[in-house]
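> Turn this into a model:
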Amino acid sequence: MALSIGLPRMHKEAGERRDFLPPLVAFLDRHGAREIVVEERYGAGMGVDLSDYLRASPRCRVGTYEDCLSQDVVVVLRYPGRDVLGSLRRGTILVSMLHLPTRPERVELLTELGLHGVSLDGVTDDRGTRLVQNVEAVGWNGVREAFKEIAKIHPRFAHPSRRPLRVTCLGAGAVGAHAIKAATRYGDPKLREEMAARRVPGVEVTVADFDLTWHENYMLTRLEQTDLLIDATQRDDPTRVIVPNDWVAALPQDAVILDLSVDPYDVTVHPPRMKGIEGIPEGDLDQYIFPVDDPAYDRLPPPIRTKNRRVALACYSWPALQPRECMEIYGGQIEPVMRVILERGIDGMDLRRGSYYERAVGRAEVSRWRAAHVR
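Numbering: from 1, shown residues only. Sure, this is the predicted structure:
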């Protein structure tokens with residue numbers, strides 16, 4: 001199916017440097033894309049020259065942001081925003097991280113505008129395992145940055161006389177598993193080697209899975225003994241807080257909070273959608289470290305409570321701290337998704353008898369997802 005592809009940049013904040021790499025352009029060419037339009041300065045944030053994209057395919061050309069959005073298929077890692085959706089023509093295939101289960105208003109908007117949203121975070125195998133993800137980088141990048149903050153706060157961080165550092169990880173799924181391993185190594189294997197060579201006591205990690213977090217007495221006792229609190233949960237109900245702000249008071253004053261779940265607040269709905277740990281700010285690539293006196297706490301609207309604060313780290317995309325490595329992984333993972341779209345088209349996908357990736361991509365398309373999940 002001869003479809004044109006638009007590859008626009010992401011313009012949400014200065015720290016966002018991720019663009020797909022030239023090998024994806026070459027792949028799209030090989031699998032029948034009619035034309036591939038990359039935005040001016042595409043790849044520049046990662047040191048990739050536009051000529052590399054043009055060399056990857058004779059069908060590739062450089063265009064404006066609007067040119068990219070006018071193609072049959074628009075591929076951009078992050079959701080481009082409500083205003084951008086309104087500028088897409090009906091029938092456009094938008095391939096992006098859409099997070100449909102936690103964004104019901106987004107589902108309705110895509111449907112209303114007649115857009116075929118394919119949610120990359122919703123491309124799953126037949127058992128529900130995500131096929132486009134970088135959970136290892138989520139765990140390791142977040143934990144590495146958190147230990148940098150602990151090193152600044154802890155007066156004897158690198159001294160052999162200090163006690164073991166204590167980490168509590170909420171959640172033991174895919175992200176939690178990497179966070180747990182990273183925490184035993186300070187998020188940095190080289191640092192761990194240096195600390196071990198000095199005979200500095202290491203890190204003790206306790207895992208509290210979601211069903212244990214309901215027990216207040218256990219949690220308060222656990223929090224009192226925690227130097228680093230990690231939220232790596234995946235909640236079915238985003239309106240239910242795991243650690244209320246009142247409980248944050250149980251953490252030692254020099255404790256650090258790390259948000260790896262990056263669920264957003266939404267106080268425009270009732271009941272409001274909350275982060276798993278109440279009262280920590282929402283971070284991005286321009287700022288993901290929040291001291292207790294940061295104005296971001298005061299900007300959080302009611303009913304979010306922020307009275308009890310600790311140094312907190314939150315970022316909507318921890319893998320983006322290493323943008324080139326991040327996009328090498330995502331580029332490889334998105335190739336079979338794009339192959340199915342180019343070869344089968346959205347309307348031709350068969351969720352029952354189709355190929356492995358045809359079923360996976362079909363389930364992630366907004367109209368089919370909506371039919372299966374919205375009652």
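> Could you check the pLDDT of the residue nearest to the spatial centre of the chain?
Geometric centre of the chain, nearest residue: residue 317, 4.2 Å, by C-alpha atoms, centre = their mean. Confidence at residue 317, expressed as pLDDT, is 93.
> need the contact list for it.
By C-beta atoms under 8 Å, 6 or more residues apart in numbering, the residues touching residue 317 are 78, 262, 285, 326. Heads up, the C-betas are built off the backbone N, CA and C, glycines and all.
> In helices, which of those residues appear?
Per DSSP state H, helices hold the following members of those: residue 326.
> Need the contacts of residue 317 in TSV (columns: pLDDT and neighbour count).
Compiled in TSV, the contacts of residue 317 are given as follows (pLDDT from 0 to 100; neighbours: other C-beta atoms under 10 Å):
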residue	pLDDT	neighbour count
78	95	17
262	87	20
285	94	20
326	96	21
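> Could I get the full set of helices for the protein?
Using DSSP H, the helices of the chain run over 22-30, 50-56, 65-69, 82-87, 104-112, 135-153, 174-183, 189-197, 216-224, 245-248, 295-299, 323-344, 356-364, 366-373.
> deepest of those helices, which one?
helix 174-183 (a mean of 23; mean count of other C-beta atoms under 10 Å).
> Need the residues that contact that one.
Residues outside helix 174-183 that contact it (C-beta under 8 Å, 6+ apart): 130, 133, 135-136, 138-140, 142-144, 167, 169-170, 172, 203, 205, 207, 228, 230, 232-234, 258, 260-261.
> Check stretch 338-345 too.
Stretch 338-345 is contacted by residues 1, 3, 5, 24, 27-28, 31-33, 73, 75, 93, 95, 118, 349, 354-355, 357-358, 361 when judged by C-beta under 8 Å, 6+ apart.
> mind redoing it with 10 Å?
1-3, 5, 20, 24, 27-28, 30-34, 72-73, 75, 93, 95, 116, 118, 123, 331, 346, 348-350, 354-362, 365 (C-beta atoms under 10 Å, 6 or more residues apart in numbering).
> Could I get the average pLDDT for that stretch?
95.
> what's the spacing between that stretch and its chain's center?
Relative to its parent chain, stretch 338-345 has a centroid offset of 25 Å by C-alpha atoms, centre = their mean, to the nearest Å.
> do stretch 335-342 as well
Between the centre of stretch 335-342 and the centre of its chain there are 22 Å (C-alpha atoms, centre = their mean).
> Residue 237 - how many residues pack around it?
By the criterion of other C-beta atoms under 10 Å, residue 237 has 9 neighbours.
> quick one: contacts for it?
Shown in contact with residue 237 (C-beta under 10 Å, 6+ apart): 271, 273, 274.
> Can you say which of those are buried?
For the contacts of residue 237, a burial check counting by 16 or more other C-beta atoms under 10 Å picks out 273, 274.
> of the contacts of residue 237, closest to residue 85?
In terms of C-beta to C-beta, no member of those lies closer to residue 85 than residue 273, at 20.2 Å.
> For that closest one, give its distance to residue 246.
19 Å (C-beta to C-beta, to the nearest Å).
> Also residue 48?
Here the criterion is C-beta to C-beta. By it, residue 48 lies 48 Å from residue 246.
> Tell me where the model's unsure across the stretch 1-150 of the chain.
Filtered on pLDDT under 70, the stretch 1-150 of the chain yields the residue ranges 1.
> Give me the neighbour count for residue 261.
Other residues close to residue 261 by other C-beta under 10 Å number 22.
> swap in residue 42?
25.
> If I follow the layout properly, it ends up in contact with residue 11?
No: Residue 42 is beyond contact range of residue 11, at 11.9 Å (criterion: C-beta atoms under 10 Å).
> Residue 143 is in contact with residue 187, isn't it?
Yes: assessed by C-beta under 10 Å, residue 143 is found in contact with residue 187 at 3.7 Å.
> Now go through the contacts of residue 317 and say which are in strands.
Mapping the contacts of residue 317 onto strands (DSSP state E) picks out residue 78.
> Can you convert the contacts of residue 317 into CSV and add a column each for distance to residue 99?
Converted to CSV, these look like this (distance: C-beta to C-beta, whole Å):
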residue, distance to residue 99
78, 10
262, 10
285, 18
326, 18
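> Pick out the most distant pair among the contacts of residue 317.
For these, the farthest-apart pair by C-beta to C-beta is 262 and 326; their separation is 14.7 Å.
> rewinding a little: sort out which one of the contacts of residue 237 lies nearest residue 217 for me.
Using C-beta to C-beta, the contacts of residue 237 come closest to residue 217 at residue 274, 22.1 Å.
> mind pulling up the phi and psi values for the closest one?
Main-chain torsions, residue 274, degrees, to the nearest 10: phi -130, psi 160.
> quick one: it from residue 265, how far?
Noted for residue 274: a distance of 6 Å to residue 265, by C-beta to C-beta.
> got any residues that touch both of the two?
Residues touching both residue 274 and residue 265 by C-beta under 10 Å, 6+ apart: 238, 304.
> can you pull the contacts of the residue lying farthest from the centre of the chain?
Farthest-out residue of the chain from its mean C-alpha position, per C-alpha atoms, centre = their mean: residue 161, at 37.7 Å. Residues in contact with residue 161 (C-beta under 10 Å, 6+ apart) are 200, 201.
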